[in-house]
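>>> attaching a predicted model along with its sequence, questions to come.
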Amino acid sequence: MTFSSVTSTVVFLLKTSGSSLVLIAAFGLLAGFTLILIDNVALASLVWALATLPILGALLLQTFRSLHHGDFGLDIVAALSMAFALYFGESLAANVVALMYAGGQMLEGYASGRAAREMTLLMGRVARTAFRYVGDRLEPTPIEKIVAGDHIMIRQGEVLPVDGILLSPRAILDESALTGEPLPVDHRAGEEVLSGSASVGPVFTLKALRPASESTYAAVVRLVETAQKSKAPMARLADRYGLAFLLMTVAIALTAWLLSDDPRRALAVLVIATPCPLILAVPVALMSGISRCATIGCLVKDGGALEALSRVRVAVLDKTGTLTHGKAQIVAVGCNAWIDKDELLRLAASLDQASSHVMAAALITGAQERNLRLSPPTNVEEVGGLGLEGMVDGRRVVIGGSRFVKSRSVRGTSQDLEDHHRSGEATVTVAIDGVVAGNIIMADPVRAEAISVLQRLRSAGIAKIVLASGDRLDVASHVGNILGIEQVLGEQTPASKVEAVIAAKSFGPVMMVGDGVNDAPALAAADVGVALGARGAAASSEAASIVLLVDRLDPLAAALVVARRTVAIARQSVVVGLGLSVAGMIAAAFGYLPPLHGALLQEVIDVAVILNALRALGPSKSEDGPYSQFANIPTSPASKTQLS
């Protein structure tokens with residue numbers, strides 16, 4: 001076993017077994033004081049020393065590992081103070097320092113570990129097998145064993161495991177995770193379809209073009225891995241202060257020793273200099289901020305992500321499922337004068353109860369939201385991909401595309417009811433008793449809260465907002481105009497979204513917000529990746545460092561405020577705590593504070609900075625308001641569609 005693997009193992013144990021190390025240090029401290037009460041000073045000193053050694057041993061290996069990688073953090077000061085205290089017989093001071101250090105590691109590990117455990121609840125389960133045709137029968141086959149030429153059955157709701165050619169007459173696919181297109185796409189026999197798409201229509205047969213490892217979805221996964229590896233690791237806030245503090249501490253300690261010729265003065269300086277405001281205040285503040293974010297529906301995976309969020313200056317936003325709801329909704333109903341809009345919608349939705357098409361589900365949902373009574377349809381005939389005809393309450397109803405409906409109608413529609421709609425909208429035409437009665441306009445509308453959220457992001461310090469969508473440029477531009485976004489990028493592939501994020505970094509740290517598989521590489525490449533986990537793809541939640549637990553954007557603006565306030569509180573605790581420590585170090589250098597008294601003084605400073613750090617748990621004035629209603633809500637209903 002190499003030195004690197006040994007130290008990595010020890011560091012892992014130090015992080016994951018923080019509670020055990022805290023118990024050892026705390027038990028040693030209490031046992032020593034108990035022995036003092038029965039006047040056994042020598043044994044008490046031995047107990048304190050023994051309780052310090054496990055923490056010191058693990059810390060020394062971690063310090064060597066950090067030095068090997070060129071990192072000079074705060075751990076060196078803690079190791080020096082414990083080692084010198086033991087060397088000079090100040091075992092009580094060493095035990096106190098050990099307890100504080102182990103406590104800080106435990107708090108930091110708890111913050112990251114809790115977020116990781118919560119993330120497992122958000123991860124979707126990727127299918128491991130597919131039904132392959134072997135002769136005249138179907139056989140469950142591991143996806144990795146599927147090769148080019150295999151015929152596969154894809155059922156409704158399943159995700160395509162490989163790229164392939166459609167053998168069945170038609171397939172209706174939800175490609176929003178890959179392209180950002182919110183409306184389902186109707187494919188015909190002979191067309192190529194992509195892995196990562198989801199079937200929302202009838203069962204169909206697919207001929208594999210290439211293995212899963214070479215398919216579109218696998219390429220997206222590789223992009224995610226490449227982006228994650230290319231992103232530079234973030235230095236901890238504590239370590240950024242640690243190097244300067246380390247140099248200053250060593251200088252004061254050596255100066256005190258040389259001028260007084262008393263090594264205990266140097267020890268006293270080191271004990272007081274133990275950077276507990278860094279060891280404890282920073283993880284406490286960050287953990288408090290992470291907890292605060294969780295209460296407003298925003299899961300932050302670790303303290304580094306919260307720090308990064310506090311520095312964000314550019315936001316790159318996906319469109320479908322992020323700024324919009326990601327599913328078709330009714331945005332308008334137009335009809336002739338002889339029929340009421342509600343009645344037109346009721347008859348259409350009643351007939352659509354016999355269809356499994358995703359647009360039919362949207363019509364039914366819209367009617368139900370308007371409290372319309374739906375009747376059972378009879379004599380229903382569905383023409384695949386074109387439309388539906390049947391009887392509802394004694395009336396013959398036809399719905400579908402404009403040409404299909406007109407072909408089955410005696411009379412057409414007036415000019416004002418022609419198929420006029422804007423980019424990104426789809427029209428469902430309805431005929432009643434042989435007469436074209438009206439149109440129902442379907443679209444993926446902008447989220448009701450999107451405008452206010454973008455305003456809050458700008459108020460919180462976001463200087464530039466970019467809309468990057470896989471949808472057509474005209475559709476993306478329409479959404480950008482509604483929201484007042486200056487830069488709009490359309491028809492973006494996963495790779496081009498990564499390029500957009502990298503280009504945006506010239507303006508400052510970048511936050512990418514998305515929900516689909518096509519967003520995952522960009523989420524990984526950004527300084528901060530934010531995924532809508534309530535309905536987003538598992539790949540995007542995995543690649544993101546922050547996940548919104550509710551299907552709304554409101555918590556994001558609140559989390560940005562929380563992050564900046566949390567880091568400000570952490571810095572305040574560090575500056576004040578280290579300032580008091582420096583004052584104590586100077587007093588110790590002149591001989592006014594012996595090591596034990598210095599350790600006790602340091603504990604007072606620790607309590608003060610920890611109490612200040614805990615302020616991050618509470619709300620701030622700029623965070624109050626509409627965000628509080630999302631605390632502990634697993635999901636939020638879509639806003640009702642306004643029919644006009």
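Perfect, I can see it now.
>>> ramachandran coordinates for the closest residue to Ile339 other than its chain neighbours?
Nearest non-adjacent residue to Ile339, counting by CB to CB, 6 or more residues apart in numbering: Ala437, 5.2 Å away. All C-beta spots, glycine's among them, are computed from the backbone N, C-alpha and C. Per-residue torsions, Ala437: phi -100, psi -30 (degrees, to the nearest 10).
>>> verify the stated contact: Ala437 with Lys341.
No - counting by CB atoms under 8 Å, Ala437 stays clear of Lys341, with 10.1 Å between them.
>>> does Gly529 count as helix, strand or coil?
The three-state label for Gly529, taken from DSSP: H, G, I helix; E, B strand; the rest coil, comes out as strand.
>>> got the contact list for it?
Residues in contact with Gly529 (CB atoms under 8 Å, 6 or more residues apart in numbering) are Met511, Met512, Gly514, Ala522, Leu523, Ser540, Ala543, Ala544, Ser545, Ile546.
>>> same list, these, but as TSV with secondary structure please.
Listed next are the contacts of Gly529 as TSV, based on three-state DSSP:
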residue	secondary structure
Met511	strand
Met512	strand
Gly514	strand
Ala522	helix
Leu523	helix
Ser540	helix
Ala543	helix
Ala544	coil
Ser545	coil
Ile546	strand
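>>> other SSEs contacting the longest helix seen in the chain?
Criterion DSSP state H: the longest helix present in the chain is helix 554-589. Contact here means 3 or more CB pairs under 8 Å, 6 or more residues apart in numbering; DSSP states H and E; on that basis helix 554-589 packs against helix 237-260, helix 263-273, helix 282-295, strand 298-300, helix 303-311, helix 450-459, strand 546-548, helix 595-613.
>>> which other residues reach the last one?
Just to be clear, that refers to helix 595-613. 85, 88, 90, 92-93, 96-97, 100, 264, 267-269, 271-272, 274, 276-277, 280-282, 284-285, 288, 569-570, 572-574, 576-577, 580-581, 584, 588, 593.
>>> one more pass at 7 Å, please.
85, 90, 92-93, 96-97, 100, 264, 267-268, 271-272, 274, 276-277, 280-281, 284-285, 288, 569-570, 572-573, 576-577, 580-581, 584, 588, 593 (CB atoms under 7 Å, 6 or more residues apart in numbering).
>>> kindly provide the distance from Ser213 to Glu425.
For Ser213, the distance to Glu425 (CB to CB, to the nearest Å) stands at 38 Å.
>>> do Leu194 as well
Noted for Leu194: a distance of 24 Å to Glu425, by CB to CB.
>>> ok, now Pro142?
In terms of CB to CB, Pro142 sits 42 Å off from Glu425.
>>> ok, the two, which is more surrounded?
A direct count of neighbours by other CB atoms under 10 Å for Pro142 and Glu425 places Glu425 higher, at 18 against 12.
>>> residues contacting the more buried one?
Val331, Ile441, Met442, Ala443 are the contacts of Glu425 under CB under 7 Å, 6+ apart.
>>> got it, and Asp393?
Ser375.
>>> which pLDDT value goes with it?
You'll see Asp393 listed with a pLDDT of 92.
>>> and what of the one 4 residues further on?
According to the prediction, Val397 has pLDDT 94.
>>> what's the least confident stretch among the helices and strands packed on helix 554-589?
Among the helices and strands packed on helix 554-589, helix 595-613 scores lowest, with a mean of 74.
>>> okay, buried residues for that helix please.
Across helix 595-613, burial judged by 16 or more other CB atoms under 10 Å covers 595, 597-599, 601-602, 605-606, 608-610, 612-613.
>>> pLDDT weak spots in the stretch 401-550 of the chain?
411-424, 516-517, 533-542, 549-550 (pLDDT under 70).
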